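Peer 1: based on what follows, work out the 3D shape:
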Amino acid sequence: MHGRWGLLLFFIIFPIYLSCASPRQTGNQPVADGHTTPDNQSSPPHLARKISSPQIVPSNRIPPSPQILGVNYIGTIGGPGQGAGQFIQPSGLALDRLGHLYVADSGNNRIQVVDFDGNFVTEFGSRGWRTGEFDQPTATAINFQRTEILYVIDTGNSRVQYCNLVDRIFQLMLGDYSDSDSGNLGTGAHIELDLPSGIGIGRNGEIYVVDTGNNRFIQFDSEGRPALIRGSFGGENEQFRDPTDLVVDPYGNIYVVDSGNHRVKKYDFSANLVQIWGSEGSALGQFREPNQIALDRWNSIYVTDRGNRRVQIFTPNGEILTEFGAGTLVDPFGIVVSRDDLVFVSDFGTNDIKVFQVIFRP
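Peer 2: Residues are numbered from 1 along each chain as shown. Sure thing, here's the model as predicted:
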């Protein structure tokens, strides 16, 4: 008797207990990807099971460049001559914060400054060996770390000169240092340059000089003190044959044009060789006397390919993206890219500067 009543009470009370212990949820229910579903719509099984772990992004990851749709020729700056805004064998190029173009006007032994429309702004130097004078300058660079400092590779005089763009008084970059077996420098003998031809500025204001005649490049600290040397003559991985230029990306990677070996060499921020690309030829990714090198805002690599009368664009890992300039360029020498994706190429053969516009996919 008592057993039957106990069983009956269990079946009456237990459903009431379950209903109190598990109240019906109201409102929108969260699902795994952070979105919500309405009450009358259940979460799809694949969405409910999705669990996204946090993505760890390295601080030195280079963001991918958008696709290049084309590179259009849009005009020419200057022409042959010795007057203001005219050039003889224009070489290296640099841009300042105001959008002025600094041209190593090699045949006129001066640095000319023009705006994007080719209007003359000012000039520096004349032929000679004294400070502030030049003998076939071939490259320029501007250091923005403190104030704007202009560096000039004074090739014929085998030296580097620099000036603050406020007072414009040139000085020589010198140092009494010698290289050790490791390529790092210590106090000792005097460094002598032999027909240097390229220069680049590092992320912390370091100055890198391509010492062409000695088949090496030298890193100087921001105060102009030599820090390390890399290279010797030859065709092996660690060697150069007439290197001509280099550029340093925001992560400290160094890209060196090894012109005589028809290749580009990439070093990391400690100047360890990490990659080589290119060989002699006319196919995409090959070179004939590559000369100068530049970066765009996406850190893509632009190389003037003199023997093939073109410019080639690569990813930071050496993958070919495109080429341009064939039929327009006669002897492409120097190159610089603006933040607005304008590419300025000095044409050694026509004594002018060709301007191109890179078109990216939106």
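Peer 1: mean confidence score for stretch 253-265?
Peer 2: For stretch 253-265, the mean per-residue pLDDT is 98.
Peer 1: pLDDT value on His190, please?
Peer 2: Reported pLDDT for His190: 66.
Peer 1: C-terminal to the helix or strand Ile74 falls within, what's the next element?
Peer 2: Assigned by DSSP states H and E, Ile74 belongs to strand 68-77. Next in sequence after strand 68-77, counting helices and strands by DSSP H and E, comes strand 90-95.
Peer 1: how far does that next one sit from the chain's center?
Peer 2: 15 Å (C-alpha atoms, centre = their mean, to the nearest Å).
Peer 1: swap in stretch 136-156?
Peer 2: 17 Å.
Peer 1: list the buried residues for it?
Peer 2: For stretch 136-156, a neighbour-count test (16 or more other C-beta atoms under 10 Å) marks 136-143, 149-155 as buried. For the C-beta atoms, the positions are set from N, CA and C on the backbone; glycine is no exception.
Peer 1: could you do stretch 120-129 as well?
Peer 2: Buried-residue list, stretch 120-129, by 16+ other C-beta under 10 Å: 123-125.
Peer 1: how about those in CSV, adding secondary structure and pLDDT?
Peer 2: Shown next, in CSV, are the buried residues of stretch 120-129 (DSSP: H, G, I helix; E, B strand; the rest coil; pLDDT from 0 to 100):
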residue, secondary structure, pLDDT
Glu123, strand, 97
Phe124, strand, 96
Gly125, coil, 95
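Peer 1: closest to Thr328 among those residues?
Peer 2: Glu123 (26.7 Å; C-beta to C-beta).
Peer 1: which strand residues bridge that closest one?
Peer 2: Note on Glu123: beta-bridge partners Gln112, judged by DSSP bridges.
Peer 1: for it, which residues are in contact?
Peer 2: 84, 105, 110-113 (C-beta atoms under 8 Å, 6 or more residues apart in numbering).
Peer 1: show me which of those are buried.
Peer 2: Buried, going by 16+ other C-beta under 10 Å: 105, 110-113, out of the contacts of Glu123.
Peer 1: give the contact list for the most centrally placed residue in the chain.
Peer 2: Nearest residue to the geometric centre of the chain (C-alpha atoms, centre = their mean): Leu295, 3.2 Å. Contacts for Leu295 (C-beta under 8 Å, 6+ apart) come out as 247, 249, 301-302, 337.
Peer 1: also Phe360?
Peer 2: 65-69, 341.
Peer 1: give the ChimeraX command for selecting the buried subset of the residues you listed.
Peer 2: Burial among the contacts of Phe360 is assessed by 16+ other C-beta under 10 Å; the matching ChimeraX selection reads:
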select :65,68,341
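Peer 1: what about Gly205, how many neighbours?
Peer 2: Applying other C-beta atoms under 10 Å, we find 15 residues neighbouring Gly205.
Peer 1: rewinding a little: closest one of the contacts of Glu123 to Gln286?
Peer 2: Asp105 (30.6 Å).
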